[in-house]
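Engineer: got a structure for you, letters missing:
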């Protein structure tokens with residue numbers, strides 16, 4: 001993982017997941033204020049920090065998984 005200011009970039013083949021809600025966020029995140037986490041309004045808004053997220057293996061998308069019945 002690379003962190004430059006408020007910009008986080010996951011390692012190759014990884015994505016970020018918010019630990020508390022389990023939501024996937026993709027390969028890059030710009031940290032800031034979250035007004036909703038897991039569908040729950042945050043009052044006051046939550047200031048995201050790198051420790052709020054974990055890197056996980058990028059899930060295989062269903063359309064990527066099989067082409068003509070063969071795993072790619």
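Structural biologist: Now that the structure is in, tell me what you want to look at. Every value quoted in this text rests on a predicted model; they were computed, and no experiment measured them.
Engineer: so where is the chain shaky, pLDDT-wise?
Structural biologist: Scanning the chain for pLDDT under 70 picks out 61-72.
Engineer: do that again at 90, thanks
Structural biologist: Regions of the chain meeting the criterion pLDDT under 90 cover residues 59-72.
Engineer: run through the strands of it in chain order.
Structural biologist: Counting by DSSP state E, the segments of the chain that form strands are 2-4, 7-9, 14-18, 24-26, 28-30, 33-37, 40-47, 53-57, 66-67, 70-71.
Engineer: what's the local residue count around residue 9?
Structural biologist: Other residues within reach of residue 9, judged by other C-beta atoms under 10 Å, total 14. (Each C-beta comes from the backbone N, C-alpha and C, glycine too.)
Engineer: so who does the nearest residue to residue 29 once chain neighbours are set aside touch?
Structural biologist: Using C-beta to C-beta, 6 or more residues apart in numbering and skipping residues adjacent in sequence, the residue nearest residue 29 is residue 8, 4.6 Å away. Remark: with contacts taken as C-beta atoms under 8 Å, 6 or more residues apart in numbering, residue 8 is in contact with 1-2, 16, 28-31, 50, 53.
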